[in-house]
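Novice: build the 3D model from these lines:
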Amino acid sequence: MTILIEQPEHVSHVENKKLCSETNELVLDGGFVVPKDLSNHGCVISEIFVSNNEFIAPEINSFGQSFRDYNAESERQKTVEEFYRLNHLNQTYEYVKRMREEYGKLNRAEMSIWECCELLNEVVDDSDPDLDEPQIEHLLQTAEAIRKDYPEEDWLHLTALIHDLGKVLLLPVFGGLPQWAVVGDTHPLGCAFDESIVHHKYFKENPDCNNPAYNTKNGVYTEGCGLDNVVISWGHDDYMYLVAKENRTTLPSAALFIIRYHSFYPLHRSGAYKHLMNKEDEENLKWLKIFNKYDLYSKSKVRVDVEKVKPYYLSLIEKYFPAKLKW
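Specialist: From the prediction side, this is the model:
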């Protein structure tokens, strides 16, 4: 299967002008509006869509900073850095294997996908330097942006909606895990920590650094073994992957790959650890790179009309999942 990834087009002065209106507002399919505070001198900046309806990545996040700038001085920076200090200290090879075994039992709750979406109203991600809104807002922003550019790929719309549902691990009924055990970028354990990992400096306190078996490029793995055989830091990605797989979803393998590795930024942003991938991983990575643009850059203070889009996503849930899932 060959997948062509379109590069975002630059917005010309003429195209930008077409987005201007008397009200300085741009209404999107989900029913939400780009307000005046996201505009530039009365014209909506290249924030969401250009005249050909393609999603265009904005240059700044909702805090006025570059996306994924972990050194920028902002109200979120100190919280985010402390998060990664704890994450890099506590995520070890043995810890991850223990958590996968425990949560793989799926004995915490039984509920529908949409019920889980609603639970995310209670969750804010401390690792995210770009947004501090409840997570359900992010899910719908991502899904609606993808839906506009890839209208025929309904599995991708649903993947966007559910990709972060594993963040319910932060809630008491799911064990109330600390933020460092649920959110943030992910990385392999059992081999050397690549320097592309955010706040790499904090790994020096990780106990795995004292194990020679874990400190080489391949570590305990063999080249080309496939990511399914690699232990990745525990969090919402791996948990939601386990939930989807064990509840026998009919989503394609690319969807499960996106769910499991969408926070694996050292791979899909920096190209680290590619030597551990197999052919199937390489094909699925193409879809993940498409997805990542929407996952990262659709974050904003703009709200989605939930009730308007809900029937569509309920129909996708019914298509690809059982009515109730074990969590």
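Novice: so which residue is smack in the middle of this protein?
Specialist: residue 262 (4.8 Å; C-alpha atoms, centre = their mean).
Novice: OK, contacts around that residue?
Specialist: Residue 262 is in contact with 163, 237, 288, 291-292, 295, counting by C-beta atoms under 8 Å, 6 or more residues apart in numbering. Using the backbone N, CA and C atoms, a C-beta is placed for each residue, glycine as well.
Novice: in CSV, list the residues you listed along with neighbour count and pLDDT.
Specialist: Output for these, formatted as CSV (neighbours: other C-beta atoms under 10 Å; pLDDT from 0 to 100):
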residue, neighbour count, pLDDT
163, 26, 96
237, 26, 98
288, 20, 97
291, 25, 96
292, 18, 93
295, 23, 87
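Novice: and of those residues, the nearest to residue 146?
Specialist: residue 291 (7.2 Å; C-beta to C-beta).
Novice: nearest residue to that closest one other than its sequence neighbours?
Specialist: Residue nearest to residue 291 in three dimensions, not counting chain neighbours: residue 258, with 5.0 Å by C-beta to C-beta, 6 or more residues apart in numbering.
Novice: which SSE is that neighbour in?
Specialist: helix 253-261 (DSSP states H and E).
Novice: name the helices or strands packed onto that helix?
Specialist: helix 154-162, helix 236-246, helix 279-297 (3 or more C-beta pairs under 8 Å, 6 or more residues apart in numbering; DSSP states H and E).
Novice: now the first one and helix 253-261, what's the angle there?
Specialist: Our comparison of helix 154-162 with helix 253-261, counting by axes from the mean of the first three to the mean of the last three C-alpha atoms, to 10 degrees, yields an angle of 20 degrees.
Novice: helix 154-162: how far from the chain's middle?
Specialist: Taking C-alpha atoms, centre = their mean, to the nearest Å, one finds helix 154-162 lying 12 Å from the centre of the chain it belongs to.
Novice: adjust the sequence numbering to begin at 36 for everything that follows.
Specialist: Okay, residue one is now 36; in that scheme the one you just asked about reads as helix 189-197.
Novice: and the contacts of that helix?
Specialist: 148, 151-152, 174-175, 177-178, 180-182, 185, 275, 279, 286-287, 289-290, 293-294, 322, 325-326, 329-330, 347-348, 351-352, 354-355.
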